[in-house]
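Engineer: pasting the sequence and the predicted model now:
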Amino acid sequence: MLLGTDVNQRPDVEEGSDELKLIPLWSVLVSLLVFSAIQVLSFWGHQGQPHHGNPVLHVIGSYSWGAALASYVLLVGYISRDVKRRNMRPGLWMLIVMVMPGGIGAVVYFLLRQPVMTRCPSCRTEVSSSFHFCPQCQFQMSPVCGQCFRGVHITDVYCVQCGHDLTSDEMPARLRSYSD
Ligand SMILES: [Zn+2]
Ligand SMILES: [Zn+2]
């Protein structure tokens, strides 16, 4: 009954690889633009004053400045998407991240951000990913094995740690809704 379920639907498998996909295309383009603009500007600036400082140091300096600013643009792009899936206020947070100097806004954001919001697979209620049960329909969001109490996947029939038959755990709501 459950074995035909698509493995890709496992909620915790897709997490890590999706983080990079959160970075929108515009911020990748802007960061490339910022990086090349800094190289060009610094090259022109250097042309004006040929015997001023070590040229190698100058190139390294503009390179690292460009890289730092470009990665900050990527970070802002990531936050602009991340803020939405956490049900936080996008306008307010984008302002904080942009206005606070030297990346302090981004640090504050990562310290204060809320858990990712997902939807209950059973009733589509918006729930925090830290919930163990759906507050509306009691769907088990993060099921555990009834024998060894380690976390199991929502579609698993047997515990991967101890081989316990998960369907014998009084048939929780998650299995009912998947087998329907
Ligand atoms: Zn629900
Ligand atoms: Zn187990």
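Structural biologist: That came through fine. Numbers count the residues shown, from 1 in each chain. Ligands and ions are numbered 1, 2, ... in the order given.

Engineer: report the residue ranges of every domain in the protein.
Structural biologist: Taking automatic domain parsing as the criterion, the chain consists of the domains 15-114, 116-180.

Engineer: tell me the residues of this structure that contact ligand 2?
Structural biologist: Residues of the chain lying close to ligand 2 (Cβ under 5 Å from the ion) are Cys145, Gln147, Cys148, Cys159, Gln161, Cys162, His164. Glycine gets a C-beta too; all of them are placed from N, C-alpha and C.

Engineer: top of those residues by neighbour count?
Structural biologist: Neighbour counts for the residues of the chain next to ligand 2 were taken using other Cβ atoms under 10 Å; the highest belongs to Cys159, with 22 neighbours.

Engineer: which ones are touching that one?
Structural biologist: Contacts of Cys159 were listed using Cβ atoms under 8 Å, 6 or more residues apart in numbering, and they are Cys145, Gln147, Cys148, Arg150, Val152, Leu166.

Engineer: quick check: the last one touching Gly146?
Structural biologist: Which is Leu166. Yes: with contact defined as Cβ atoms under 8 Å, Leu166 reaches Gly146; the gap is 7.0 Å.

Engineer: settle it for me: which of those two has more neighbours?
Structural biologist: Counting neighbours by other Cβ under 10 Å for Leu166 and for Gly146 shows that Leu166 has the greater number, 22 against 16.

Engineer: follow-up on the earlier one: can you put the residues of the chain next to ligand 2 in a markdown table and add pLDDT and secondary structure?
Structural biologist: Formatted as a markdown table, the entries for these read as follows, by pLDDT from 0 to 100; DSSP: H, G, I helix; E, B strand; the rest coil:
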| residue | pLDDT | secondary structure |
| --- | --- | --- |
| Cys145 | 86 | coil |
| Gln147 | 87 | coil |
| Cys148 | 89 | coil |
| Cys159 | 91 | coil |
| Gln161 | 91 | coil |
| Cys162 | 93 | coil |
| His164 | 90 | coil |
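
Engineer: in a markdown table, list these along with distance to Leu74.
Structural biologist: Written out in a markdown table, the entries for the residues of the chain next to ligand 2 read as follows (distance: Cβ to Cβ, whole Å):
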| residue | distance to Leu74 |
| --- | --- |
| Cys145 | 40 |
| Gln147 | 45 |
| Cys148 | 41 |
| Cys159 | 40 |
| Gln161 | 38 |
| Cys162 | 43 |
| His164 | 44 |
